[in-house]
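# build me a structure from this.
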Amino acid sequence: MKCQDFYSQYDSSGWTSEMKSEVRLGIEQVMAQAEKESALQARQRNESWEHIIHWLVYAEWGVVPVGYVFPFGPDWLIDACRGGSDELACRLLNDGMDPDFRMPGRWTARRYAKENRAFLPMTWAWLERDLLGKLAAKQRKRSWAGGTFTERRAI
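Numbering: from 1, shown residues only. Sure thing, here's the model as predicted:
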């Protein structure tokens with residue numbers, strides 16, 4: 001697959017000319033690595049070069065192709081939390097990744113974030129806000145079902 005094919009998958013209408021050239025150069029570099037890879041190496045790797053290119057572009061510039069569904073999103077989030085990449089982990093959480101997704105033999109992204117919370121302040125704050133929101137929703141549901149729910153009034 002040519003670099004132009006990968007580049008055309010992105011909606012670059014709002015990008016600056018510098019970003020367009022950087023993304024194109026990044027895709028070209030990864031494509032050069034892909035051409036050097038042997039068939040045996042390709043079979044040993046779980047991800048296709050297409051997914052690797054999309055991951056690298058997302059990690060660096062925060063953009064994905066139009067209609068992309070993040071097939072390896074939980075892996076990406078776990079790796080970002082394990083590696084202490086706060087901005088990337090926050091971006092993935094904002095894009096809808098599940099921090100409690102379990103994979104065999106690995107901790108959840110929430111657990112990695114807890115272990116590395118000194119390096120992941122924005123991610124840890126996002127996770128705590130999410131948890132508090134879930135607890136508040138559960139409490140409202142419980143009080144509504146018991147008949148003790150009262151609307152809060154502005155003073």
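# give the buried residues for the longest helix seen in the chain.
Secondary structure assigned by DSSP state H gives helix 121-146 as the longest helix of the chain. Residues of helix 121-146 classed as buried: Thr123, Trp124, Trp126, Leu127 (neighbour count, 16 or more other Cβ atoms under 10 Å). The way it works is simple: take the backbone N, C-alpha and C, and place the C-beta from them, glycine included.
# what residues are up against the residue nearest to Gln9 when sequence neighbours are not counted?
By the measure of Cβ to Cβ, 6 or more residues apart in numbering, the closest residue to Gln9 outside its immediate chain neighbours is Pro65, 3.7 Å from it. Pro65 is in contact with Gln9, Tyr10, His54, counting by Cβ atoms under 8 Å, 6 or more residues apart in numbering.
# same check on Trp15?
Val23, Val63.
# tell me which element it is part of?
Using DSSP states H and E, Trp15 maps to neither a helix nor a strand.
# give me the phi and psi for it.
Backbone dihedrals for Trp15, given as degrees, to the nearest 10, come out at phi -90, psi 150.
# give me the residue at the spatial middle of this structure.
Centroid-nearest residue in the chain, with Cα atoms, centre = their mean: Leu92, separated by 2.6 Å.
# isn't that one right up against Leu77?
Yes: assessed by Cβ atoms under 8 Å, Leu92 is found in contact with Leu77 at 4.6 Å.
# output stretch 123-135 as PDB, nothing but the C-alphas.
Extracted in PDB, the C-alpha atoms of stretch 123-135 (Å, rounded to 0.1, in the frame of the first residue of the first chain):
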ATOM      1  CA  THR A 123      -5.500  10.700  33.700                       C
ATOM      2  CA  TRP A 124      -5.900  10.000  37.400                       C
ATOM      3  CA  ALA A 125      -8.200  13.000  37.800                       C
ATOM      4  CA  TRP A 126     -10.300  11.900  34.800                       C
ATOM      5  CA  LEU A 127     -10.600   8.400  36.300                       C
ATOM      6  CA  GLU A 128     -11.600   9.700  39.700                       C
ATOM      7  CA  ARG A 129     -14.200  12.100  38.200                       C
ATOM      8  CA  ASP A 130     -15.600   9.200  36.200                       C
ATOM      9  CA  LEU A 131     -15.800   7.100  39.400                       C
ATOM     10  CA  LEU A 132     -17.500   9.800  41.400                       C
ATOM     11  CA  GLY A 133     -20.000  10.400  38.600                       C
ATOM     12  CA  LYS A 134     -20.900   6.700  38.600                       C
ATOM     13  CA  LEU A 135     -21.300   6.700  42.400                       C
END
